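Novice: I'd like to go over a predicted model; first the sequence, then the structure.
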Amino acid sequence: MRAAWNTYINHCLFSQIVVDRFAVFAGKHFKVEIEGYDQFLRLEAQEKGFLVFSSHVGCYEVAGYSLTSKLKRFNALVFGGEKAAVMEGRQEVLEQHNIRMIPVKEDMSHLFLVNEAIDNNEIVSMPADRIVGSTKAVTSCFLGAPARFPVGPLSVATMKGLDVLAVNVVKVASKRYKVVATTLSYDKDTLRKEQMQELSDSYVAELERIVRRYPSQWFNFYDFWS
C-alpha cells in the first residue's frame, strides 16, 4: 500500500509540475528560494564559462526565470521534438532573461552551438541523468545499485576543463519552488577517463541527495537500473 500511495503522489506532483511548466512559459511567476546562489555567482564572475548539469527532478524550467546571469549568456540544451509554436513561445520568454535554447537535433548540429557558447565563455546547461540516442555511458552507484549515465555532458566538461554546477529545482509549496545549486568536484589533472568517472560520481551523489530529500519529484518513468 505504501508503494502504491507513493506512486500516486509522484504522479499527482508530476501533473502539477507539468501545469506549472506551461504557466511559467505563459508568464506566471512563482516564489523561488535559491540554495547555493553564492556558488552560481562565484562561477559567473570567472572569465571562463561553465556547465550546469540538470536532472529530471521537479521543474527545472523554473531555474530559467530565477537563476539568471547578467554577465554571461545562458544556453539551455533542450528536447527538440516539441511543436514549433511551443518552442517559439518559450524562446520569446527566455530571451528576456538572457537565455538561448539549443534544441537537440538528429544531425547533431546542436553540438556546434554548444561548442560556440563554450568558446565564448558562456553558460551551458544540459540534462545529465538520462541516456538518449547514444549508448555510451559511465556507470556510477545510484541508490545502492550501479546505474548508467550519459557520457556527453561529462565529455564536454572534461574536454574543456570546465567547472560544473548541479542544479535541481523542486516544488516546496503550491506557489513556491526551491533551486538547489551545488558545485561538482573532480580532479582536472588526472587522466580524462578518470576525470569523467569522478565527475559522474560527484553528480550522481548530488542527484541521490536530492532524490532522497524529495523522492516524489523524481520523474524518470522507466527501469533506470536496467
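Specialist: Yep, it's here.

Novice: From residue 106, how far out is residue 112?
Specialist: Using CB to CB, to the nearest Å, one obtains 14 Å as the distance from residue 112 to residue 106. From N, CA and C alone the C-beta is placed, and that goes for glycine too.

Novice: residue closest to the middle of this protein?
Specialist: residue 54 (1.2 Å; CA atoms, centre = their mean).

Novice: residue contacts, it?
Specialist: Contact analysis of residue 54 by CB atoms under 8 Å, 6 or more residues apart in numbering lists 60, 63, 125, 126, 127, 128, 166, 167, 168.

Novice: Kindly recompute the last result at 6 Å.
Specialist: Taking CB atoms under 6 Å, 6 or more residues apart in numbering, we find residue 54 in contact with 60, 125, 127, 167.

Novice: Let me know the pLDDT of the closest residue to residue 207 other than its chain neighbours.
Specialist: Leaving aside its chain neighbours, residue 207 sits nearest to residue 55 (5.5 Å; criterion: CB to CB, 6 or more residues apart in numbering). What the model reports as pLDDT for residue 55 is 94.

Novice: same thing with residue 14?
Specialist: In this prediction, residue 14 has a pLDDT value of 90.

Novice: for the one 10 residues further on, same thing?
Specialist: Residue 24 is assigned a predicted lDDT (pLDDT) of 81.

Novice: same thing with residue 97?
Specialist: Reading off the model, residue 97 has pLDDT 74.

Novice: immediately after the helix or strand bottoming out on mean pLDDT in the chain, which helix or strand?
Specialist: Counting by mean pLDDT, DSSP states H and E, the chain has its least confident helix or strand at helix 84-94, which shows a mean of 65. Using DSSP states H and E, the next helix or strand after helix 84-94 towards the C-terminus is strand 99-103.

Novice: could you say what helices and strands that following strand packs with?
Specialist: Using 3 or more CB pairs under 6 Å, 6 or more residues apart in numbering; DSSP states H and E, the elements in contact with strand 99-103 are strand 74-78.

Novice: Regarding this structure, what is its longest strand?
Specialist: Secondary structure of the chain per DSSP state E: the longest strand is strand 163-173.

Novice: which is the next helix or strand following it?
Specialist: strand 176-184.

Novice: Okay, the closest residue to residue 219 other than its chain neighbours and residue 13: tell me how far apart.
Specialist: The spatial neighbour of residue 219 that comes closest, neighbours along the chain excluded (CB to CB, 6+ apart), is residue 56 at 4.8 Å. Note on residue 56: its distance to residue 13, by CB to CB, is 13 Å.

Novice: So which of the two has more stuff around it?
Specialist: Higher neighbour count among residue 56 and residue 13: residue 13, with 19 against 15, using other CB atoms under 10 Å.
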